[in-house]
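Enquirer: Here's a sequence, model it:
(4 chains)
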2 protein chains.
Amino acid sequence: MSSEEKIQNDKRAHILDVAEYLFAQQGFEAVSIREISKAADINIAMVSYYFGSKEKLYEAVVTRKLISSELILHYIERYNCSTDKLFAIVDLLTDKFFEHRNMQTIIFREMAMEQRTAMAELIANQLHQNFTIINDVIQKGIKQKEFKKVDVELTVMTIIGIVKIYTTSSPVVCKVLKTEDKELMFSKQYKLRLKKYLKELLTNHLGIK
Amino acid sequence: MSSEEKIQNDKRAHILDVAEYLFAQQGFEAVSIREISKAADINIAMVSYYFGSKEKLYEAVVTRKLISSELILHYIERYNCSTDKLFAIVDLLTDKFFEHRNMQTIIFREMAMEQRTAMAELIANQLHQNFTIINDVIQKGIKQKEFKKVDVELTVMTIIGIVKIYTTSSPVVCKVLKTEDKELMFSKQYKLRLKKYLKELLTNHLGIK
DNA sequence: CAAATTTAATTAAACGTTTGTTTAATTTGC
DNA sequence: GCAAATTAAACAAACGTTTAATTAAATTTG
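Expert: Got it, this is the predicted structure:
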């Protein structure tokens, strides 16, 4: 990559970062191009120049950070038993959700919209792929008598649901955890607590010895 | 209540219903007063006439259906042991979330906004109250050796998280459950499945005999 | 290697729409 | 006939986008 390309990519990436933050905070419609431009310290016309339109900027923001199923598969292939695979998924998901919680806010807001846009479909498919991987791991674990028989689909949803509500409902989670501090809530300490809890929950639920 | 008041209330309620549906589908900013008016078959000016502004209409929509903590308390007071209380809460929450899932979509979208509005604060407080009730039930159950020792706050979040992701992420949940039909997803049958799953999960997790 | 030329990046201003809200006139129900 | 309900029209403000002009950078040329 030449140096000028890097500079342009930096600027593009900067706009994407700013836009992601604002979209996550307020939602797509609530954020104006003028607001993004001001926050990113660029001219209003630059968004159209780089991305074509506000809609396409949004698409770029979303697609940039989707958790690919390849990543998950690659991450768990090193483990042999289903328990280790499942726990690795818990770690990975928690890490990714904590790291990209702005993105997760956007993604699940999009999922809450009933109207099927092309992008909503894209996200749903991606999430479904990730669901399927976790589903298969649990299914295999049950088959090999490593896990008890459970409602597999809802178990998958449980994992995602907890991590999701933790990372995307911070005002109320803050209150519940009595932290009053969002920084603390997303600290290493609390991330460990969440991971530990999830593994204990799954251990109990799946009857892991 | 006089007959004309009833008619006015009906019209107000009708606007609230339509607005709730649209707000849940698209979010506050994405819905215009013109769209609401068209869908509700009223004049544009009637929203201002009845509610004052779009903002106040939104407030009216949200506050109308918040699950009051009194309702929960009243619902569980008839039960003696913590297990029965907890299972009653599972039933109540599932029912309410299924019944008012439009509302839940709006509420958690508001919670995902980082900017603290007056209404976000109101919702957070309400949710926190509900959290606290569940929290207390589990805490008491542990104290009385009815439950195993667990991370109580995260257990509460688990219950809410599962019901929430089920009711407010229907596109992806549909795919996961292989129903392809949103009606089926919110049928009695599937509601029972969810309740049963939650109780089994809690039974395993809390070591209920 | 500097000057000339072309391309890319950036800007301020203006575009036509749409937004939420208000006004002032009209209709409705009692 | 009077008050409440309803309407169409108009309001300024904000929206996403485009334009045409300008600056900066890259490339070509002599």
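
Enquirer: Can you spell out which helices and strands pack onto the biggest helix by length in chain A?
Expert: If you go by DSSP state H, chain A has its longest helix at helix A:118-143. The contact analysis (3 or more Cβ pairs under 8 Å, 6 or more residues apart in numbering or on different chains; DSSP states H and E) places helix A:118-143 against helix A:54-64, helix A:69-76, helix A:82-99, helix A:101-112, helix A:152-168, helix B:170-177. Where C-beta positions appear, they are placed from N, C-alpha and C, glycine not excepted.

Enquirer: Which one, of those helices, ends up nearest to residue B:135?
Expert: Closest to residue B:135 of the helices and strands packed on helix A:118-143, according to Cβ to Cβ: helix A:152-168, at 14.9 Å.

Enquirer: and that closest one, anywhere near chain B?
Expert: Yes: interface with chain B: helix A:152-168 contributes A:153-158, A:160-162, A:164-166, A:168 (Cβ under 8 Å from any Cβ of the partner chain).

Enquirer: Closest one of those to DNA strand D?
Expert: Among the residues of helix A:152-168 next to chain B, residue A:168 lies closest to DNA strand D (Cβ to the nearest atom of the strand), at 22.9 Å.

Enquirer: so which of the residues of helix A:152-168 next to chain B would you say is closest to residue B:72?
Expert: Among the residues of helix A:152-168 next to chain B, and counting by Cβ to Cβ, the member closest to residue B:72 is residue A:165, at 18.3 Å.

Enquirer: can you tell me how far that closest one sits from residue A:182?
Expert: Distance from residue A:165 to residue A:182, counting by Cβ to Cβ, to the nearest Å: 15 Å.

Enquirer: Who has more neighbours out of the two?
Expert: residue A:165 (24 against 13; other Cβ atoms under 10 Å in any protein chain shown).

Enquirer: The more buried one reaches residue B:156, doesn't it?
Expert: No: between residue A:165 and residue B:156 there is no contact, the gap being 10.3 Å when judged by Cβ atoms under 8 Å.

Enquirer: Not counting sequence-adjacent ones, nearest residue to residue A:94?
Expert: Leaving aside its sequence neighbours, residue A:94 sits nearest to residue A:195 (Cβ to Cβ, 6 or more residues apart in numbering or on different chains; 5.2 Å).

Enquirer: what stretches of chain A score poorly on pLDDT?
Expert: When residues are selected by pLDDT under 70, those of chain A lie in A:1-9.

Enquirer: I'd like to know how far residue A:125 sits from residue B:180.
Expert: Taken as Cβ to Cβ, the span from residue A:125 to residue B:180 is 14 Å.

Enquirer: who's more crowded, those two?
Expert: Ranked by neighbour count (other Cβ under 10 Å), residue A:125 and residue B:180 place residue A:125 first, with 14 against 9.
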